[in-house]
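Engineer: Let's see this in three dimensions:
(one chain, ligands or ions: 2)
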Amino acid sequence: MGIIDHFSSKMRVMQLVRGLHNLRSCQRGCVATIGNFDGVHRGHQGVLARLRERAAQAGLPSCVVIFEPQPREFFAPDKAPARISSLREKLELLRACGVDQVLCLTFNRRLRELSANQFVHQILVEGLGVVHLEVGDDFRFGCDRAGDFDLLVEAGQREGFSVESAATIALDGVRISSTRVREVLAAADFAMAERLLGRPYCISGRVLHGQKLGRQLGAPTANLRLNRLRPALQGVYLVSTELDGRRCAGVANIGTRPSVDGDGRAHLEVHLLDFSGDLYGRRLAVQFHRKLRDEQRFASLEALKSAIAADIAAARAHWQGQPLENLK
Ligand SMILES: Cc1cc2nc3c(=O)[nH]c(=O)nc-3n(C[C@H](O)[C@H](O)[C@H](O)COP(=O)(O)O)c2cc1C
Ligand SMILES: Nc1ncnc2c1ncn2[C@@H]1O[C@H](COP(=O)(O)OP(=O)(O)OP(=O)(O)O)[C@@H](O)[C@H]1O
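Structural biologist: Ligands and ions are numbered 1, 2, ... in the order given. Just a heads-up that it's a prediction; the model follows:
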(Lines give C-alpha, C1' and ligand atoms only; values in the text may rest on other atoms or scores of the structure.)
(Ligands and ions follow the chains in the order given, each with its own letter.)
Protein backbone atom coordinates (compact mmCIF):
# COMPACT_ATOMS: atom_id res chain seq x y z
CA MET A 1 0.00 0.00 0.00
CA GLY A 2 1.30 3.46 -0.82
CA ILE A 3 1.04 6.67 1.17
CA ILE A 4 -2.16 7.70 -0.49
CA ASP A 5 -4.15 4.90 -1.93
CA HIS A 6 -7.51 4.38 -3.38
CA PHE A 7 -9.49 1.40 -2.19
CA SER A 8 -11.94 0.77 -4.88
CA SER A 9 -14.46 -1.72 -6.03
CA LYS A 10 -16.76 -1.36 -9.00
CA MET A 11 -19.06 0.54 -6.67
CA ARG A 12 -16.98 3.01 -4.65
CA VAL A 13 -13.57 4.52 -4.06
CA MET A 14 -12.17 5.34 -0.63
CA GLN A 15 -9.12 7.51 -0.18
CA LEU A 16 -6.44 6.34 2.28
CA VAL A 17 -3.98 8.88 3.69
CA ARG A 18 -1.11 7.38 5.68
CA GLY A 19 0.70 9.33 8.41
CA LEU A 20 0.54 12.74 10.02
CA HIS A 21 3.05 14.14 7.55
CA ASN A 22 0.69 13.43 4.66
CA LEU A 23 -2.23 15.19 6.29
CA ARG A 24 -1.77 18.18 4.01
CA SER A 25 -2.64 15.92 1.10
CA CYS A 26 -6.10 15.44 2.60
CA GLN A 27 -8.88 17.45 1.22
CA ARG A 28 -9.74 19.74 4.18
CA GLY A 29 -13.30 19.87 5.39
CA CYS A 30 -14.98 16.66 6.53
CA VAL A 31 -17.19 14.91 9.06
CA ALA A 32 -15.02 12.55 11.11
CA THR A 33 -14.85 9.83 13.72
CA ILE A 34 -11.85 8.27 15.50
CA GLY A 35 -11.14 4.80 16.87
CA ASN A 36 -9.51 1.43 16.43
CA PHE A 37 -12.43 -0.11 14.58
CA ASP A 38 -10.91 -3.58 14.92
CA GLY A 39 -13.31 -6.00 13.25
CA VAL A 40 -15.72 -3.23 12.16
CA HIS A 41 -18.45 -4.92 14.23
CA ARG A 42 -22.12 -3.88 14.46
CA GLY A 43 -21.32 -1.26 17.15
CA HIS A 44 -18.81 0.36 14.79
CA GLN A 45 -21.28 0.02 11.91
CA GLY A 46 -23.80 2.05 13.96
CA VAL A 47 -21.27 4.86 14.44
CA LEU A 48 -20.36 4.72 10.75
CA ALA A 49 -24.03 4.91 9.67
CA ARG A 50 -24.42 8.09 11.75
CA LEU A 51 -21.17 9.41 10.25
CA ARG A 52 -22.47 8.83 6.74
CA GLU A 53 -25.75 10.57 7.55
CA ARG A 54 -24.01 13.61 9.04
CA ALA A 55 -21.59 13.80 6.11
CA ALA A 56 -24.48 13.72 3.62
CA GLN A 57 -26.28 16.49 5.54
CA ALA A 58 -23.11 18.63 5.52
CA GLY A 59 -22.35 17.81 1.89
CA LEU A 60 -18.81 16.81 2.94
CA PRO A 61 -16.80 13.58 2.82
CA SER A 62 -16.87 11.20 5.79
CA CYS A 63 -13.48 10.47 7.33
CA VAL A 64 -12.38 7.77 9.80
CA VAL A 65 -9.18 8.31 11.77
CA ILE A 66 -7.55 5.01 12.75
CA PHE A 67 -4.20 4.03 14.26
CA GLU A 68 -1.66 1.47 13.07
CA PRO A 69 -0.30 -0.10 15.14
CA GLN A 70 -3.30 0.13 17.47
CA PRO A 71 -2.29 1.98 20.68
CA ARG A 72 -2.08 -1.16 22.86
CA GLU A 73 0.11 -2.86 20.24
CA PHE A 74 2.48 0.12 20.54
CA PHE A 75 2.53 0.22 24.36
CA ALA A 76 2.85 -3.52 25.04
CA PRO A 77 3.19 -5.67 21.90
CA ASP A 78 3.44 -8.85 24.00
CA LYS A 79 0.22 -8.17 25.90
CA ALA A 80 -1.78 -6.49 23.15
CA PRO A 81 -5.18 -8.01 22.38
CA ALA A 82 -5.45 -10.31 19.37
CA ARG A 83 -6.40 -8.61 16.12
CA ILE A 84 -9.76 -9.45 14.58
CA SER A 85 -8.86 -7.77 11.29
CA SER A 86 -5.61 -6.85 9.59
CA LEU A 87 -5.20 -3.25 8.41
CA ARG A 88 -6.11 -4.26 4.89
CA GLU A 89 -9.26 -6.11 5.99
CA LYS A 90 -10.25 -3.14 8.15
CA LEU A 91 -9.86 -0.74 5.21
CA GLU A 92 -11.91 -3.04 3.00
CA LEU A 93 -14.68 -3.18 5.63
CA LEU A 94 -14.65 0.60 6.15
CA ARG A 95 -14.94 1.06 2.41
CA ALA A 96 -17.90 -1.31 2.32
CA CYS A 97 -19.54 0.82 5.07
CA GLY A 98 -19.50 3.84 2.76
CA VAL A 99 -16.53 5.72 4.29
CA ASP A 100 -15.02 8.27 1.88
CA GLN A 101 -11.63 8.82 3.48
CA VAL A 102 -9.39 7.10 6.06
CA LEU A 103 -6.56 8.86 7.84
CA CYS A 104 -4.30 6.12 9.20
CA LEU A 105 -1.94 7.54 11.83
CA THR A 106 1.18 5.70 12.89
CA PHE A 107 0.85 5.36 16.62
CA ASN A 108 4.29 6.32 17.94
CA ARG A 109 5.85 8.38 20.76
CA ARG A 110 5.11 11.63 19.01
CA LEU A 111 1.44 10.86 18.70
CA ARG A 112 1.29 9.37 22.17
CA GLU A 113 2.61 12.58 23.72
CA LEU A 114 0.01 14.85 22.14
CA SER A 115 -2.41 16.14 24.78
CA ALA A 116 -6.09 15.75 23.98
CA ASN A 117 -6.33 19.46 23.07
CA GLN A 118 -3.22 19.29 20.86
CA PHE A 119 -4.66 16.25 19.11
CA VAL A 120 -7.88 18.12 18.40
CA HIS A 121 -6.11 21.25 17.20
CA GLN A 122 -3.31 19.71 15.09
CA ILE A 123 -5.09 16.72 13.61
CA LEU A 124 -8.79 17.40 13.59
CA VAL A 125 -8.84 21.16 13.04
CA GLU A 126 -5.64 22.15 11.22
CA GLY A 127 -5.18 18.82 9.46
CA LEU A 128 -8.64 17.61 8.54
CA GLY A 129 -10.79 20.73 8.92
CA VAL A 130 -13.46 18.78 10.80
CA VAL A 131 -16.87 20.46 10.93
CA HIS A 132 -18.57 17.65 12.85
CA LEU A 133 -17.18 14.85 14.98
CA GLU A 134 -19.18 11.69 15.62
CA VAL A 135 -17.91 9.58 18.52
CA GLY A 136 -18.97 6.35 20.12
CA ASP A 137 -20.49 5.88 23.54
CA ASP A 138 -17.24 5.35 25.49
CA PHE A 139 -14.79 7.31 23.42
CA ARG A 140 -11.48 8.34 25.06
CA PHE A 141 -8.38 9.72 23.36
CA GLY A 142 -5.16 11.73 23.72
CA CYS A 143 -2.23 11.31 26.12
CA ASP A 144 -3.26 8.83 28.86
CA ARG A 145 -6.77 8.74 27.38
CA ALA A 146 -7.52 12.06 29.09
CA GLY A 147 -9.80 13.31 26.30
CA ASP A 148 -13.48 12.47 26.70
CA PHE A 149 -16.81 13.61 25.28
CA ASP A 150 -17.04 16.74 27.50
CA LEU A 151 -13.53 17.83 26.52
CA LEU A 152 -14.43 17.38 22.85
CA VAL A 153 -17.61 19.44 23.19
CA GLU A 154 -15.60 22.24 24.85
CA ALA A 155 -12.86 22.04 22.21
CA GLY A 156 -15.51 22.05 19.48
CA GLN A 157 -17.04 25.27 20.84
CA ARG A 158 -13.58 26.86 20.86
CA GLU A 159 -12.46 25.55 17.48
CA GLY A 160 -15.75 25.65 15.64
CA PHE A 161 -17.03 22.08 15.15
CA SER A 162 -19.96 20.16 16.55
CA VAL A 163 -19.70 16.88 18.47
CA GLU A 164 -22.21 14.10 18.89
CA SER A 165 -22.11 10.77 20.69
CA ALA A 166 -23.74 7.76 19.02
CA ALA A 167 -26.08 5.59 21.08
CA THR A 168 -24.78 2.30 22.46
CA ILE A 169 -25.39 -0.67 20.19
CA ALA A 170 -26.00 -3.82 22.18
CA LEU A 171 -26.89 -7.44 21.52
CA ASP A 172 -28.91 -9.36 24.13
CA GLY A 173 -28.50 -6.37 26.46
CA VAL A 174 -24.68 -6.38 26.30
CA ARG A 175 -22.66 -3.71 24.48
CA ILE A 176 -21.01 -4.93 21.30
CA SER A 177 -17.24 -4.36 21.39
CA SER A 178 -14.08 -5.67 19.79
CA THR A 179 -13.25 -7.24 23.16
CA ARG A 180 -16.50 -9.24 23.05
CA VAL A 181 -15.84 -10.36 19.47
CA ARG A 182 -12.33 -11.54 20.49
CA GLU A 183 -13.83 -13.52 23.38
CA VAL A 184 -16.37 -15.35 21.23
CA LEU A 185 -13.74 -16.05 18.55
CA ALA A 186 -11.39 -17.47 21.20
CA ALA A 187 -14.28 -19.72 22.30
CA ALA A 188 -14.89 -20.65 18.62
CA ASP A 189 -18.51 -19.47 18.89
CA PHE A 190 -18.79 -18.54 15.21
CA ALA A 191 -22.59 -18.19 15.29
CA MET A 192 -22.27 -15.47 17.96
CA ALA A 193 -19.33 -13.87 16.13
CA GLU A 194 -21.56 -13.58 13.07
CA ARG A 195 -24.29 -11.89 15.12
CA LEU A 196 -21.82 -9.38 16.59
CA LEU A 197 -20.06 -8.68 13.30
CA GLY A 198 -23.11 -8.73 11.05
CA ARG A 199 -21.26 -11.14 8.74
CA PRO A 200 -19.46 -14.48 9.08
CA TYR A 201 -15.92 -14.23 10.46
CA CYS A 202 -13.27 -14.52 7.73
CA ILE A 203 -9.53 -14.04 7.46
CA SER A 204 -8.35 -13.02 4.04
CA GLY A 205 -4.91 -12.87 2.54
CA ARG A 206 -2.72 -13.69 -0.39
CA VAL A 207 -1.49 -17.26 -0.88
CA LEU A 208 2.29 -17.50 -0.40
CA HIS A 209 4.80 -20.23 -1.06
CA GLY A 210 5.26 -22.45 2.01
CA GLN A 211 7.83 -25.14 2.76
CA LYS A 212 6.07 -27.55 0.38
CA LEU A 213 5.91 -30.12 3.14
CA GLY A 214 2.14 -30.34 3.00
CA ARG A 215 2.15 -32.70 0.03
CA GLN A 216 4.30 -35.20 1.96
CA LEU A 217 1.80 -34.92 4.79
CA GLY A 218 -1.04 -35.87 2.47
CA ALA A 219 -2.52 -32.39 2.61
CA PRO A 220 -1.20 -29.68 0.29
CA THR A 221 -1.92 -26.33 1.90
CA ALA A 222 -2.43 -22.74 0.80
CA ASN A 223 -0.38 -20.55 3.18
CA LEU A 224 -1.84 -17.11 3.86
CA ARG A 225 -0.03 -14.16 5.39
CA LEU A 226 -1.88 -13.17 8.56
CA ASN A 227 -0.58 -9.58 8.61
CA ARG A 228 -1.23 -9.08 12.30
CA LEU A 229 0.73 -9.39 15.53
CA ARG A 230 -1.60 -11.96 17.05
CA PRO A 231 -4.58 -13.63 15.35
CA ALA A 232 -7.89 -13.98 17.20
CA LEU A 233 -8.01 -17.74 16.45
CA GLN A 234 -5.59 -20.57 17.25
CA GLY A 235 -5.93 -24.22 16.35
CA VAL A 236 -7.46 -26.44 13.69
CA TYR A 237 -10.82 -25.48 12.14
CA LEU A 238 -13.42 -26.48 9.59
CA VAL A 239 -13.37 -23.72 6.99
CA SER A 240 -14.67 -22.79 3.57
CA THR A 241 -13.68 -20.33 0.89
CA GLU A 242 -15.09 -19.11 -2.37
CA LEU A 243 -13.10 -20.06 -5.45
CA ASP A 244 -14.24 -18.98 -8.90
CA GLY A 245 -17.81 -18.54 -7.74
CA ARG A 246 -17.96 -21.90 -5.95
CA ARG A 247 -17.77 -22.52 -2.19
CA CYS A 248 -15.10 -25.08 -1.26
CA ALA A 249 -14.84 -26.80 2.09
CA GLY A 250 -11.55 -27.34 3.85
CA VAL A 251 -9.56 -27.63 7.06
CA ALA A 252 -7.17 -24.99 8.35
CA ASN A 253 -4.52 -24.60 11.00
CA ILE A 254 -3.64 -21.30 12.63
CA GLY A 255 -0.51 -21.68 14.69
CA THR A 256 3.25 -21.77 14.90
CA ARG A 257 3.56 -25.35 13.55
CA PRO A 258 5.68 -26.65 16.45
CA SER A 259 6.01 -30.11 14.85
CA VAL A 260 7.84 -28.84 11.77
CA ASP A 261 9.69 -25.59 12.31
CA GLY A 262 8.45 -23.26 15.02
CA ASP A 263 9.82 -19.88 13.94
CA GLY A 264 7.44 -18.55 16.59
CA ARG A 265 5.24 -16.76 14.07
CA ALA A 266 1.64 -17.71 13.47
CA HIS A 267 0.66 -19.03 10.03
CA LEU A 268 -2.71 -19.74 8.46
CA GLU A 269 -2.69 -22.85 6.30
CA VAL A 270 -5.70 -24.14 4.47
CA HIS A 271 -6.20 -27.54 2.87
CA LEU A 272 -9.19 -27.53 0.51
CA LEU A 273 -10.99 -30.84 0.08
CA ASP A 274 -10.94 -32.29 -3.42
CA PHE A 275 -9.00 -29.39 -4.87
CA SER A 276 -5.77 -29.70 -6.82
CA GLY A 277 -5.27 -26.39 -8.66
CA ASP A 278 -2.61 -23.74 -8.18
CA LEU A 279 -3.53 -20.97 -5.73
CA TYR A 280 -0.22 -19.10 -5.44
CA GLY A 281 -0.66 -15.35 -5.55
CA ARG A 282 -4.44 -15.44 -5.22
CA ARG A 283 -6.37 -13.71 -2.42
CA LEU A 284 -8.63 -16.00 -0.41
CA ALA A 285 -11.23 -15.12 2.22
CA VAL A 286 -11.29 -18.05 4.62
CA GLN A 287 -14.52 -18.45 6.57
CA PHE A 288 -14.43 -20.33 9.89
CA HIS A 289 -17.19 -22.76 10.87
CA ARG A 290 -16.08 -24.95 13.79
CA LYS A 291 -13.00 -25.67 15.87
CA LEU A 292 -11.75 -29.24 15.63
CA ARG A 293 -8.83 -29.18 18.10
CA ASP A 294 -5.85 -27.23 19.42
CA GLU A 295 -2.57 -27.29 17.51
CA GLN A 296 -0.19 -29.90 18.96
CA ARG A 297 3.50 -30.69 18.89
CA PHE A 298 3.76 -34.16 17.34
CA ALA A 299 6.85 -36.30 17.89
CA SER A 300 7.03 -37.40 14.25
CA LEU A 301 5.82 -36.35 10.82
CA GLU A 302 3.91 -39.67 10.69
CA ALA A 303 1.91 -38.71 13.79
CA LEU A 304 1.20 -35.24 12.33
CA LYS A 305 0.12 -36.86 9.06
CA SER A 306 -2.39 -39.13 10.86
CA ALA A 307 -3.78 -36.19 12.84
CA ILE A 308 -4.32 -34.16 9.64
CA ALA A 309 -5.97 -37.20 7.99
CA ALA A 310 -8.35 -37.40 10.98
CA ASP A 311 -9.10 -33.65 10.64
CA ILE A 312 -9.95 -34.16 6.96
CA ALA A 313 -12.18 -37.14 7.81
CA ALA A 314 -13.97 -35.03 10.45
CA ALA A 315 -14.55 -32.30 7.84
CA ARG A 316 -15.99 -34.79 5.34
CA ALA A 317 -18.27 -36.27 8.00
CA HIS A 318 -19.41 -32.80 9.06
CA TRP A 319 -20.47 -31.73 5.60
CA GLN A 320 -21.63 -35.05 4.23
CA GLY A 321 -24.75 -34.55 2.17
CA GLN A 322 -24.92 -30.79 2.86
CA PRO A 323 -24.96 -28.49 -0.13
CA LEU A 324 -21.76 -26.44 0.03
CA GLU A 325 -23.62 -23.15 -0.47
CA ASN A 326 -25.19 -23.88 2.91
CA LEU A 327 -22.07 -24.66 4.88
CA LYS A 328 -22.78 -24.26 8.60
C1 LIG B 1 -5.61 -29.43 9.12
C2 LIG B 1 -4.22 -29.11 9.57
C3 LIG B 1 -3.84 -29.39 10.87
C4 LIG B 1 -2.53 -29.14 11.32
N5 LIG B 1 -2.18 -29.44 12.61
C6 LIG B 1 -0.93 -29.19 13.04
C7 LIG B 1 -0.55 -29.48 14.38
O8 LIG B 1 -1.36 -29.91 15.22
N9 LIG B 1 0.74 -29.27 14.74
C10 LIG B 1 1.67 -28.74 13.87
O11 LIG B 1 2.81 -28.58 14.25
N12 LIG B 1 1.33 -28.43 12.59
C13 LIG B 1 0.07 -28.63 12.16
N14 LIG B 1 -0.29 -28.32 10.88
C15 LIG B 1 0.67 -27.59 10.03
C16 LIG B 1 1.55 -28.52 9.23
O17 LIG B 1 2.69 -28.73 10.00
C18 LIG B 1 1.88 -27.77 7.92
O19 LIG B 1 0.71 -27.65 7.20
C20 LIG B 1 2.88 -28.52 7.11
O21 LIG B 1 4.10 -28.40 7.75
C22 LIG B 1 2.99 -27.99 5.69
O23 LIG B 1 3.62 -26.78 5.64
P24 LIG B 1 3.99 -26.10 4.24
O25 LIG B 1 2.68 -25.77 3.55
O26 LIG B 1 4.76 -24.83 4.62
O27 LIG B 1 4.79 -27.05 3.51
C28 LIG B 1 -1.58 -28.57 10.41
C29 LIG B 1 -1.97 -28.28 9.10
C30 LIG B 1 -3.26 -28.55 8.66
C31 LIG B 1 -3.64 -28.22 7.25
N1 LIG C 1 -21.48 -1.01 20.72
C2 LIG C 1 -21.14 0.26 20.44
N3 LIG C 1 -22.08 1.21 20.44
C4 LIG C 1 -21.76 2.49 20.14
N5 LIG C 1 -20.51 2.90 19.84
C6 LIG C 1 -19.55 1.98 19.82
C7 LIG C 1 -19.79 0.61 20.10
N8 LIG C 1 -18.63 -0.08 20.00
C9 LIG C 1 -17.69 0.84 19.67
N10 LIG C 1 -18.22 2.07 19.56
C11 LIG C 1 -17.52 3.30 19.21
O12 LIG C 1 -16.81 3.13 17.98
C13 LIG C 1 -15.59 3.85 18.03
C14 LIG C 1 -14.42 2.93 17.80
O15 LIG C 1 -14.45 1.96 18.82
P16 LIG C 1 -13.17 1.14 19.30
O17 LIG C 1 -12.79 0.22 18.22
O18 LIG C 1 -12.11 2.09 19.75
O19 LIG C 1 -13.83 0.41 20.58
P20 LIG C 1 -14.43 -1.05 20.93
O21 LIG C 1 -15.12 -1.73 19.82
O22 LIG C 1 -15.24 -0.83 22.19
O23 LIG C 1 -13.10 -1.89 21.20
P24 LIG C 1 -12.47 -2.52 22.52
O25 LIG C 1 -13.39 -3.59 22.97
O26 LIG C 1 -11.15 -3.04 22.03
O27 LIG C 1 -12.36 -1.38 23.50
C28 LIG C 1 -15.52 4.51 19.41
O29 LIG C 1 -15.98 5.83 19.28
C30 LIG C 1 -16.46 3.67 20.23
O31 LIG C 1 -17.01 4.36 21.33
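Engineer: Please give me every residue in contact with Ala167.
Structural biologist: Residues in contact with Ala167 (CB atoms under 8 Å, 6 or more residues apart in numbering) are Gly46, Asp137. C-beta: built from backbone N, CA, C; applies to glycine.
Engineer: Tell me which stretches of the stretch 201-328 of the chain form helices.
Structural biologist: 301-319 (DSSP state H, counting those that start in this stretch).
Engineer: mind checking pLDDT for Leu324?
Structural biologist: Note on Leu324: pLDDT of 61.
Engineer: same question, Leu133
Structural biologist: 97.
Engineer: Arg230 touches Ile84, doesn't it?
Structural biologist: No. The criterion here is CB atoms under 8 Å, and Arg230 misses it with Ile84 at 10.6 Å.
Engineer: who's more crowded, those two?
Structural biologist: Ile84 (26 against 16; other CB atoms under 10 Å).
Engineer: measure the more buried one to Cys30 for me?
Structural biologist: Per CB to CB, to the nearest Å, Ile84 is found 26 Å from Cys30.
Engineer: now swap in Ile169 and tell me
Structural biologist: 23 Å.
Engineer: Can you pick out the residue with more neighbours from the two?
Structural biologist: Legend: neighbour count by other CB under 10 Å for Ile169 and Cys30, higher for Cys30 (25 against 19).
Engineer: Any idea what that one is bridged to?
Structural biologist: Val130 (DSSP bridges).
Engineer: Am I right that it is in contact with Gln101?
Structural biologist: Yes. Look at Cys30 against Gln101 with CB under 8 Å: they come within range, at 6.5 Å.
Engineer: Give me the common contacts of these two.
Structural biologist: Pro61, Ser62, Cys63.
Engineer: beta partners for the second one?
Structural biologist: In other words, Ser62. Val31.
Engineer: got the contact list for Gly39?
Structural biologist: Counting by CB under 8 Å, 6+ apart, Gly39 has contacts Ile84, Ser85, Lys90, Ser178, Val181, Leu197.
Engineer: ok, the nearest residue to it once chain neighbours are set aside - contacts?
Structural biologist: Nearest residue to Gly39 in three dimensions, chain neighbours excluded: Ile84, at 3.4 Å (CB to CB, 6 or more residues apart in numbering). By CB under 8 Å, 6+ apart, the contact set of Ile84 is Asp38, Gly39, His41, Ser178, Val181, Arg182, Leu185, Tyr201, Ala232.
Engineer: Which pLDDT value goes with Ile84?
Structural biologist: 97.
Engineer: just checking, Val125 touches Arg158?
Structural biologist: No. In this structure, Val125 is not within contact of Arg158 by CB under 8 Å, at 9.4 Å.
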